[in-house]
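**Student:** Return atomic coordinates for the entry below.
(chains A and B, ligands or ions: 2)
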Amino acid sequence: MQTIFEQFGLLAAFWMTIKLTLWSALFATVIGTLVAIMRLSPVGILRQLGATYVTLVRNTPLTLIMIFSSIALSGVLGLVLASRDAPGGYIATQNFRLAVLALSVYHAAFVCEAIRSGVNTIPLGQAEAARSIGLTFSQSLREIILPQAFRGAVTPLGNTLIALTKNTTIAAAIGVAETALVMRNVAEFDPGLLWTAFGLIALGFVILTVPMGLATSFLAHRLAVKR
Amino acid sequence: MTDTNDGPRRTPDRPLVVLENVNKHFGDLHVLKDINLTVHEGEVVVVIGPSGSGKSTLCRTINRLETFESGRITIAGKELPQEGKDLARLRADVGMVFQSFNLFAHKTILENVTLGPTKVRGLKTAAAKDRAMELLKRVGVEHQAAKYPAQLSGGQQQRVAIARSLAMEPTVMLFDEPTSALDPEMINEVLDVMTQLAHSGMTMIVVTHEMGFARKAADRVVFMADGAIVEENTPEEFFTHPRSARAKDFLGKILTH
Ligand SMILES: Nc1ncnc2c1ncn2[C@@H]1O[C@H](COP(=O)(O)OP(=O)(O)OP(=O)(O)O)[C@@H](O)[C@H]1O
Ligand SMILES: [Mg+2]
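**Tutor:** Ligands and ions are numbered 1, 2, ... in the order given. Next comes the predicted model:
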């Protein structure tokens, strides 16, 4: 069992999982919120763009987006996300960031839909009252709609975060040293340890995601807007 | 009931809200038919009429919560712009009180009242709070300032909604059936605040079926049916001697129940 930690770097792999999750969650929230705002905006073209983004991204397999980000964006189009002398090495940093990009873009679509479901919990009168006291569109979004939407969207947002955590394993496809890559290495170089590795990794994900689920239920209850 | 009106407070030479030939459709439905209406500074106009006659739509077009196809609406001589920031700013001059209160559910009572003044009028937080507390006191809910809307009764919520509108120092206030979502025992506390407001000289357009309020506070009753203004008169005349068949029929129905 120790070999899995020492030779295959399981802890480092989980740390990578956590980093992928945190950075992707951050960017997915930002992008998802922007797309949600586009879908709520009074401008038809923005609404269309937002809807297209969601339909396109949500219906494309994540593996495909991941590989697209690596081969097409980085390989063919020459997108550079890391500096040549990045600490930890250029290739590793570049791959990590490409993975964060793919994960963010993909989960942003789900964040957007979660926020939209949150918006649907808000009675129409809230926006009308906001307009009637003279708030502009962006002010009513900021002050009235989005705060209530996020509170109403805690559960789907939490579910998206849990899905994102598990989906970070797809990053192995472009060589990011996270848990699925450890799994693959164990299978290749030390198949006797396969079951142990499998058990440990599954346990690790449970340890990561169960608190997320509990926190989601707690917050959904705590932050619910009483009407 | 003392049905005495306090006499004319209006200055008939200063029109504040003017609608000229306003038309609006919802699809095939002609909801507002050539509406002409002038409300003068300090005047209180009660709008009455059967369900679906377009009373809410009339209110909502005045502050452009609804668009309209033709005609003109001016407030203090200015036409409200189509959309955008200018509309938002001018809309703040028109207070609106809704049937369902529409207090901001995630904000405290105090925050509900200070939001507009700080964000739209640029008031400092401290000044906005002082002013808000003053208004909450005026409508009798100052002790609830730290609570959330859901913790208040309907009557209290509606009074807060009035305070929230007043905080913007509007030149005219629109009320769309402000008491019809309330339990009977709470109707009067809201009507009292509105009557006070009317007597303080506020220009008001009030959609309501509360005849007591109309008699006590209104200068004029406007009767709408099928999207058109059918009849206008003083409350006393309108309720005792309606001229049109539609009004007679309508009053017959609401008086007997
Ligand atoms: N958003 C809308 N889309 C389509 N039709 C609408 C819309 N809002 C109102 N209407 C219709 O327009 C007509 C006028 O509605 P409005 O709400 O102005 O009437 P009202 O006089 O306020 O009635 P009530 O006394 O029931 O409140 C009704 O026939 C209504 O069904
Ligand atoms: Mg109505």
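**Student:** CA only for contacts and neighbour counts going forward, please
**Tutor:** Will do.
**Student:** what packs against the strand or helix carrying B:Ala126?
**Tutor:** Using DSSP states H and E, B:Ala126 maps to helix B:125-138. If contacts are counted by 3 or more CA pairs under 8 Å, 6 or more residues apart in numbering or on different chains; DSSP states H and E, helix B:125-138 sits against helix B:109-119, helix B:154-166.
**Student:** a markdown table for these, including distance to ligand 1?
**Tutor:** Converted to a markdown table, the helices and strands packed on helix B:125-138 look like this (distance: least, CA to the nearest ligand atom, whole Å):
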| stretch | distance to ligand 1 |
| --- | --- |
| helix B:109-119 | 25 |
| helix B:154-166 | 17 |
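**Student:** one step back: which residues outside the helix holding B:Ala126 are in contact with it?
**Tutor:** Residues from elsewhere that reach helix B:125-138 (CA atoms under 8 Å, 6 or more residues apart in numbering or on different chains): B:110, B:113-114, B:117-118, B:142, B:145, B:160, B:163-164, B:166-167.
**Student:** my guess is B:Ile162 meets B:Val97, correct?
**Tutor:** Yes: under the criterion of CA atoms under 8 Å, B:Ile162 makes contact with B:Val97 at 6.3 Å.
**Student:** Enumerate every residue touching B:Lys55.
**Tutor:** Under the criterion of CA under 8 Å, 6+ apart, the contact list for B:Lys55 reads B:47-49, B:176, B:207, B:224, B:227.
**Student:** now swap in B:Val17 and tell me
**Tutor:** The contact partners of B:Val17, taken as CA under 8 Å, 6+ apart, are B:37-40, B:73-77.
**Student:** and of those, the nearest to chain A?
**Tutor:** B:Ile75 (14.7 Å; CA to the nearest CA).
**Student:** wait, B:Pro15 sits on B:Leu37?
**Tutor:** No: with contacts counted by CA under 8 Å, B:Pro15 stays clear of B:Leu37, the gap being 10.1 Å.
**Student:** that older thread, buried ones in the helix holding B:Ala126?
**Tutor:** When neighbours are counted by 16 or more other CA atoms under 10 Å in any protein chain shown, the buried residues of helix B:125-138 are found to be B:128-129, B:131-133, B:135-137.
**Student:** what do you get for stretch B:235-247?
**Tutor:** Residues B:235-236, B:238-239, B:242, B:246-247 are the ones in stretch B:235-247 that count as buried (16+ other CA under 10 Å).
**Student:** if we can go back for a sec, looking at the contacts of B:Val17, which is nearest ligand 1?
**Tutor:** When the contacts of B:Val17 are ranked by distance to ligand 1 (CA to the nearest ligand atom), B:Leu37 comes first, at 15.9 Å.
**Student:** Now do the helices in chain A.
**Tutor:** If you assign secondary structure with DSSP state H, the helices in chain A sit at A:2-6, A:10-40, A:44-58, A:62-67, A:90-119, A:124-132, A:137-140, A:146-152, A:154-167, A:179-189, A:194-223.
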